[in-house]
Structures are given as C-alpha cells and as structure tokens.
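>>> Sequence and predicted structure below; questions after.
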Amino acid sequence: MQLQCRGGFESLIPALAAAGSDGLYVVQPCCQGMDLTLLKANYGQTILFNGAIDSHRVPIEVTPDIVRHKIREVLAGMAPGGGYVTGASRDYILAETPVENVLAMFDAVEEFGDYR
C-alpha cells in the first residue's frame, strides 16, 4: 500500500511501515527531516520512495545544466538497489517550469537512472 504524504514526515515512517505501508508518495526533499540520503539509508529496504525531485525550486529557478546535476544527485542517493520511483515533489511539474528544464529533467533521468 502506497500512502500520499507531504512535508516533513520522516518521524512517521516507522509507524507507517508498521501499519502496512510499503511506499510513500511524494517525497519533498526541501522539507525538514527529508534528507534523501538518510531516508534511503534508514528506510530504503522496506519503503519505496516516490518523488524527491524538488519541483518548487530546482527546475524553475536554475539552468538546464544545474537541473541535470540535481537530478543526478537525487538518483545517486535514491536509485541504488531499487525502491525508488523518480518523480516531482508535487503531483506534477509546475506550469511555470521552463520547457528546456523539463527536457533536461527527462534527459537526466534517462542518462543517470541506473537502478543497479
């Protein structure tokens, strides 16, 4: 069962897992306690994470090169061993996101999305 959670819910993850949740949607890395490296290390063996691409700041406020770099960082921390679905930290990519940054996001996921 995958639950939709928003914000800084790290402290609730053990209880959510105990209640039968095996997936959390959407991870918002900009929120307190949502350090991606720690989430994956602490819960990555039991919980599937979905999201984690900061759709508020990263694709809107930076260049395509920085978007690619940020996507690579997220994938490096979350993808190894599986248990991660790449996605925006909201339900969708915001309308004000420049098209070239959306394309950079997809290209980076394709290039760096190695889940081994």
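On my side now, so go ahead.
>>> what's the residue nearest the centre of the chain sitting at in phi/psi?
Centroid-nearest residue in the chain: residue 52, 1.6 Å away (criterion: C-alpha atoms, centre = their mean). When read as degrees, to the nearest 10, the backbone of residue 52 gives phi 80, psi -10.
>>> oh, and call the first residue 40 from now on, that's how I've got it
Shifting the count to begin at 40 puts that one at residue 91.
>>> and it, bridged to which residues?
Beta-bridge partners for residue 91, by DSSP bridges, are residue 126.
>>> Is it correct that it is in contact with residue 115?
No: using C-beta atoms under 8 Å as the test, residue 91 is too far from residue 115 to be in contact (11.6 Å). In short, each C-beta sits where N, CA and C put it, glycine included.
>>> For the closest residue to residue 85 other than its chain neighbours, give me its contacts.
Nearest residue to residue 85 in three dimensions, chain neighbours excluded: residue 56, at 5.4 Å (C-beta to C-beta, 6 or more residues apart in numbering). Applying C-beta atoms under 8 Å, 6 or more residues apart in numbering, we find residue 56 in contact with 82, 85, 86.
>>> Counting neighbours, what do you get for the last one?
Other residues within reach of residue 86 by the criterion other C-beta atoms under 10 Å amount to 23.
>>> Could I get the contacting residues of it?
52, 55, 56, 60, 61, 62, 63, 122.
>>> quick one: which two of those residues are the most distant?
55 and 122 (14.7 Å; C-beta to C-beta).
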